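S.K.: quick one, fold the following:
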Amino acid sequence: MEKIKQLLKHPMTLIFGLLIVGIFIWDNLYPIREFSDMENRALTKKPAFSVKSLMAEGDQSYTMKYEKYVNDQFVLRDQWISLKSRSEFLLGKTENNGVIYGKDHYMFEKYFSTDEERLGKNTAFVKEFGDKYADQTTVSAMLIPYSYEALEDKVPAGLAFVDQVARTKEIYGELEKSGIKTLDIFPTMSEHRDEYIYYRTDHHWTTQGAYYAYRQFCESRGRKPVELSQLTGHEVKDFYGTFFSKSKAFNTVPDVISYYDFSTGKIVIDGKETEGLYAMEKFDERDKYGAFLHGNNGLTVLRSGEVDRPGDGSRILVVKDSFGNCFTPFLLRNYDEVWVVDLRYLKEEMSAIMSENHFDDVLILYGFVSFDSYPSVSKITY
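M.R.: Next up is the predicted model:
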């Protein structure tokens with residue numbers, strides 16, 4: 001009884017203690033989640049205990065893994081994240097977790113420096129590819145500027161972003177020495193900057209932005225681009241992209257994804273025959289961009305079923321990152337076969353693909369930041 005009286009003399013301590021106990025009990029009864037829709041990522045599961053893991057150091061240690069598990073599985077995690085976002089907004093914070101908030105609800109990558117070693121190596125790898133194949137087929141390169149370069153009017157002033165235009169010019173100068181034709185799409189994107197060419201909440205261009213780049217590529221190759229008015233389009237609302245997953249901004253305005261119908265023949269993805277250009281079920285999930293070409297895969301072979309296809313056995317190879325996923329379908333109007341390679345997941349060797357098949361065109365298409373960071377570009381020389 002005396003101890004209770006002592007506790008009642010310190011009500012804040014009592015309330016705090018009861019709160020901690022309550023959260024502990026609630027947290028242990030709260031169901032374990034495997035995936036966070038808000039963050040678009042898998043959540044950490046409870047690690048298995050062993051003496052070896054307990055004695056391990058760094059990220060492999062049991063204590064570190066358990067700490068990540070507790071953080072990921074904390075009760076009402078999404079609500080706490082939303083509260084944090086609102087608090088930072090009230091404090092006038094203009095960025096969060098590498099994402100910068102711009103005008104009209106646009107978000108931008110905080111990209112202030114390049115990996116010079118990686119950029120130099122990747123340029124050399126593509127040059128090596130050009131040295132080997134540019135006299136056998138037409139090899140083109142297209143580096144896609146991230147949104148802040150074209151949408152400069154929506155970017156906060158005074159930020160020292162990487163000058164993608166200048167750096168792309170330098171890279172192109174090197175690639176051209178190896179017989180590679182380069183496509184400067186910055187003027188095209190800048191010309192259409194008042195249109196919906198980049199997502200607000202994601203690092204990719206929109207299908208509209210990809211279409212303008214497709215037009216420029218076709219014109220560079222003497223092929224007639226399809227008009228959007230000739231295609232049947234569809235819209236999918238409530239797309240929250242990679243920038244939202246990083247920043248979790250409470251006042252985010254979701255994006256709209258557009259896609260178009262194309263007739264296809266046989267589609268083979270990593271050796272397995274697949275139905276349709278799009279993973280339609282993905283449009284009902286958080287990662288809606290993953291619907292294009294069924295996501296990122298090593299080798300995808302698309303056979304055109306378009307009535308207006310050339311019908312001459314023409315074939316193009318597109319070596320790309322995820323920017324190419326919404327770009328590639330348009331090519332079905334200009335080539336009988338479209339081969340798509342994502343070097344991150346490719347099991348075959350590029351030399352085998354090139355020696356065993358004839359391609360009328362090869363297009364190397366990367367977002368600039370990807371080209372500055374992906375070690376997998378080296379596989380273009382294998």
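
S.K.: low pLDDT regions in the chain?
M.R.: 1-49, 51-92 (pLDDT under 70).

S.K.: show me where it has helices.
M.R.: Ranges of helices in the chain, per DSSP state H, are 2-8, 11-29, 51-55, 62-73, 77-90, 116-133, 147-150, 164-176, 186-191, 207-220, 242-247, 350-356, 368-371.

S.K.: chain center to the last one, what's the gap?
M.R.: Averaged C-alpha coordinates place helix 368-371 at 11 Å from its chain's average position (CA atoms, centre = their mean, to the nearest Å).

S.K.: the residue lying closest to S220 once chain neighbours are set aside pairs with what?
M.R.: Spatial nearest neighbour of S220, excluding adjacent residues (CB to CB, 6 or more residues apart in numbering): L183 at 6.1 Å. Backbone N, C-alpha and C define where each C-beta goes, glycine included. L183 has these beta-bridge partners by DSSP bridges: M142.

S.K.: L183 and R215, how far apart?
M.R.: Taking CB to CB, to the nearest Å as the measure, L183 falls 11 Å from R215.

S.K.: ok, the residue nearest to S220 - contacts?
M.R.: S140, A141, M142, A213, Q216, F217, S220 (CB atoms under 8 Å, 6 or more residues apart in numbering).

S.K.: how many residues are close by the last one?
M.R.: Looking back up the chat, that one is S220. Residues near S220, counting by other CB atoms under 10 Å, number 16.

S.K.: kindly report the same for the one 5 residues further on.
M.R.: Taking other CB under 10 Å as the criterion, the count of residues near P225 is 17.

S.K.: ramachandran angles for it?
M.R.: Dihedral pair for P225: phi -70, psi 150, per degrees, to the nearest 10.

S.K.: A210 is in contact with that one, correct?
M.R.: No: applying CB atoms under 8 Å, one finds P225 not in contact with A210, separated by 11.9 Å.

S.K.: any common contacting residues for those two?
M.R.: Common neighbours of P225 and A210 (criterion: CB under 8 Å, 6+ apart): F330.

S.K.: now T300: how far from G290?
M.R.: To G290, T300 is 14 Å away according to CB to CB.

S.K.: what about those two, which has more around it?
M.R.: Higher neighbour count among T300 and G290: T300, with 23 against 19, using other CB under 10 Å.

S.K.: wait, that one sits on T264?
M.R.: No: using CB under 8 Å, T300 is not in contact with T264; the gap is 11.2 Å.

S.K.: run a quick neighbour tally on R215.
M.R.: 17.

S.K.: how about I269?
M.R.: Neighbours of I269 (other CB under 10 Å): 17.

S.K.: quick one: contacts for it?
M.R.: Contacts here follow CB under 8 Å, 6+ apart; on that basis I269 touches H294, N297, L299, T300, V301.

S.K.: change it to 7 Å
M.R.: Counting by CB atoms under 7 Å, 6 or more residues apart in numbering, I269 touches H294, N297, T300.

S.K.: go on, V139?
M.R.: G130, Y133, G179, I180, K181, V362 are the contacts of V139 under CB under 7 Å, 6+ apart.

S.K.: measure it to K272 for me?
M.R.: Distance check for V139 against K272: by CB to CB, it reads 28 Å.

S.K.: tally of neighbours for Y335?
M.R.: Neighbours around Y335, by other CB under 10 Å: 26.

S.K.: all strands in the stretch 151-300 of the chain, in order from the N-terminus.
M.R.: Secondary structure of the stretch 151-300 of the chain, counting by DSSP state E, counting those that start in this stretch: strands at 181-183, 233-239, 255-260, 264-269, 272-274, 299-304.

S.K.: the fourth one to strand 299-304, inter-axis angle?
M.R.: Counting by axes from the mean of the first three to the mean of the last three CA atoms, to 10 degrees, strand 264-269 points 180 degrees away from the direction of strand 299-304.

S.K.: what strands line up against strand 264-269, and which way round?
M.R.: strand 272-274 (antiparallel), strand 299-304 (antiparallel).

S.K.: would you format those as a markdown table with distance to S355 included?
M.R.: Shown next, in a markdown table, are these (distance: least, CB to CB, whole Å):
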| stretch | distance to S355 |
| --- | --- |
| strand 272-274 | 23 |
| strand 299-304 | 15 |
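
S.K.: G311 is nearest to which of the strands of the stretch 151-300 of the chain?
M.R.: Among the strands of the stretch 151-300 of the chain, strand 299-304 comes nearest to G311, with 9.1 Å by CB to CB.

S.K.: contact partners of that closest one?
M.R.: 264-270, 293, 332, 335-341, 346, 348.

S.K.: 8 Å instead?
M.R.: With contact meaning CB under 8 Å, 6+ apart, strand 299-304 is reached by 262-271, 277, 293-294, 328-329, 332-333, 335-341, 346-348, 353.

S.K.: what does stretch 143-161 give?
M.R.: Contacts of stretch 143-161 (CB under 8 Å, 6+ apart): 94, 100-104, 106, 108-109, 111-112, 164-165, 168, 171-172, 185-186, 189-190, 193, 197-199, 203, 205, 213, 323, 365-369, 371.

S.K.: name the residues of that stretch that are buried.
M.R.: L143, I144, P145, Y146, S147, Y148, E149, A150, L151, K154, V155, F161 (16 or more other CB atoms under 10 Å).

S.K.: and for stretch 265-275?
M.R.: Of the residues in stretch 265-275, those buried (16+ other CB under 10 Å) are I267, I269, T274.
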